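> pasting a predicted model and its sequence here:
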Amino acid sequence: MMIKDLINIELKDLPIEGLDIHIIKKYEILTSEHESFTTNNLTVLLVRSGGFKIKLNEITQALSPKDLIIIPKDSFCTLFEVSEHLQFYLINFSSEFAIQNCLKKELVDSFYFFIRKEPLKTSLAEKEYMVLSLIYKLVYFVNLEAKRVGYDGQLHRISLNLFLYELKLIYTRYTANALVNFSRKEDLVIQFLTILSIHYKKQHHVKFYAGALFVTAGYLNKTVKEVTGKNIKALIIEALISECKILLEDSQFTIAEIAEEMEFVNASIFGIFFKKHTSYSPTEYRSNSIERFKSR
């Protein structure tokens, strides 16, 4: 596969929907240089050996071993001067995947990668490179295992969280000496997502978040939809469902206790909500989760 095909791969109907990862140990140049395309996914690429040049939105970057580049979705991209000995790690995320997996207090900063419009390129120190390489391999083998024996939610979350957390640390180091500009709307959305990651268990209504940010509910909803592609209600629901799944996979909590923890009136209302958005009752989801664990 060419880099263009890897970046623009369709991310639906995969074992881990919305995520695809590759470790390329031998890259063969199959088409002419200077091929241009628009990116369909957010891509994080780490060079192992060799190198290439990439032009993103009229800015040319030269990539060499230990260089990391984050390529935003909808970037206009041209690749050229590709080395014959190019090796790299590449991971793609869809916007939906980011929304479903980053709505955690400790990971909300990772949304910076998903909403920024400009590419981020940095050269890693040896230690950072080794750590990120190992995490790439972990995510790769978790993804491979999902194709072979089925999806393991807990293992997937751990590996992904490690990856996003390490990216956040690198991002923090990189931006310490660089001015990163967000638009007013992007900044508002980041503030909203931060508040959401803290309060989604107890606050299920748009008005709370609009009031906390001193804007109208209509304006906040419109801005969030413009930047993320989803309205506030959808984001609240996805945050709730994601947390409910984690709690249901842990058998020490009863369904009634989970309903209370997530601020539902009772277990019956919780069950109706969960089935509406997942097609499974809480009991069915828990049983399926236990069976998946036993079959491993």
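Cool, the structure landed.

> so where do the strands sit in the stretch 51-200 of the chain?
Using DSSP state E, counting those that start in this stretch, the strands found in the stretch 51-200 of the chain span residues 52-56, 59-63, 67-71, 76-80, 87-93, 120-123.

> most tightly packed of those?
strand 87-93 (a mean of 23; mean count of other CB atoms under 10 Å). The C-beta positions use only the backbone N, C-alpha and C, and glycine is treated the same way.

> name every strand pairing with that strand and say which way it goes.
Strand pairing for strand 87-93, using DSSP bridges, gives strand 19-24 (antiparallel), strand 42-49 (antiparallel).

> how about CSV for these, with mean neighbour count, distance to residue 258 and mean pLDDT added?
Below are those laid out as CSV (neighbours: other CB atoms under 10 Å; distance: least, CB to CB, whole Å; pLDDT from 0 to 100):
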stretch, mean neighbour count, distance to residue 258, mean pLDDT
strand 19-24, 20, 26, 91
strand 42-49, 21, 32, 94
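
> let me see the contact set for the residue nearest to the spatial centre of the chain.
Nearest to the geometric centre of the chain sits residue 98, at 3.2 Å (CA atoms, centre = their mean). By CB atoms under 8 Å, 6 or more residues apart in numbering, the contact set of residue 98 is 18, 42, 110, 111, 113, 114.

> per the record, what domains does the protein have?
3-175, 184-294 (automatic domain parsing).

> out of the strands paired with strand 87-93, which is closest to residue 251?
Residue 251 sits nearest to strand 19-24 of all the strands paired with strand 87-93, at 26.7 Å, using CB to CB.

> can you count the residues close to the residue lying closest to residue 101 once chain neighbours are set aside?
In space, and not counting its chain neighbours, residue 101 is closest to residue 160: 5.9 Å by CB to CB, 6 or more residues apart in numbering. By other CB atoms under 10 Å, 24 other residues sit near residue 160.

> sorry, back to before: mean pLDDT lowest where, among the domains of the chain?
When the domains of the chain are compared on average pLDDT, domain 3-175 comes out lowest at a mean of 83.

> so which bits of stretch 156-174 are buried?
156-157, 159-164, 166-168, 170-171, 174 (16 or more other CB atoms under 10 Å).
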